[in-house]
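[1] Show me how the following folds:
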Amino acid sequence: MKIHIKYKKKIPYGFIGMNREASGHCKVKWKNNNHTIEIKKGLPKGVNKSTIAHEKCELYLMKNKNYNYKKAHKLALNFEKLEIPFPSKNIKQKLKKVKFKYEE
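    Numbering: from 1, shown residues only. Modelled structure (predicted):
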């Protein structure tokens, strides 16, 4: 899953990150392609990295596992705590390797 990161000065409703799937739930008009996430410009390095991981995780769970926003967001918050980048290849296997549980 190749994701393009677009840095923006402002994201609606005070969010610091947004993806296509979450935008529908949050009623934010999406002007990018489905493989783009928006990240607020000027975030501290650590916050920037964890926000990117959060948005990638949330997008993956909503798009590929059909999770609703609330569940995907909660799990993405848990993924942030691992402090690792979200994998771009072999996602299922790599998430299992780091013991990230998202399926019940």
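
[2] Going by residue numbers, what spans are helices in this structure?
    20-25, 45-64, 69-80, 91-97 (DSSP state H).

[3] hey, which of these is tucked in deepest?
    helix 45-64 (a mean of 20; mean count of other CB atoms under 10 Å). All C-beta atoms are positioned from the backbone trio N, CA, C, and that covers glycine.

[4] for the record, mean pLDDT for it?
    Here helix 45-64 scores 95 as its mean pLDDT.

[5] Give me the distance from it to the chain's centre.
    Mean C-alpha position of helix 45-64 versus that of the full chain (CA atoms, centre = their mean, to the nearest Å) differs by 2 Å.

[6] quick check: angle from it to helix 69-80?
    140 degrees (axes from the mean of the first three to the mean of the last three CA atoms, to 10 degrees).

[7] who are the neighbours of helix 45-64, in terms of helices and strands?
    strand 17-19, helix 20-25, strand 36-40, helix 69-80 (3 or more CB pairs under 8 Å, 6 or more residues apart in numbering; DSSP states H and E).

[8] for the most centrally placed residue in the chain, what are its contacts?
    Residue closest to the average C-alpha location in the chain (CA atoms, centre = their mean): residue 55, at 1.2 Å. Shown in contact with residue 55 (CB atoms under 8 Å, 6 or more residues apart in numbering): 17, 18, 19, 22, 37, 39, 76.

[9] Excluding sequence neighbours, find me the nearest residue to residue 25.
    residue 69 (3.7 Å; CB to CB, 6 or more residues apart in numbering).

[10] Over to residue 36?
    residue 4 is the one closest to residue 36 (CB to CB, 6+ apart), at 4.6 Å.

[11] Repeat that for residue 12.
    Counting by CB to CB, 6+ apart, the residue nearest residue 12 is residue 28, at 4.9 Å.

[12] can the helices and strands packed on helix 45-64 go into JSON lines with extra columns for distance to residue 49?
    Formatted as JSON lines, those follow (distance: least, CB to CB, whole Å):
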{"stretch": "strand 17-19", "distance to residue 49": "11"}
{"stretch": "helix 20-25", "distance to residue 49": "18"}
{"stretch": "strand 36-40", "distance to residue 49": "10"}
{"stretch": "helix 69-80", "distance to residue 49": "9"}
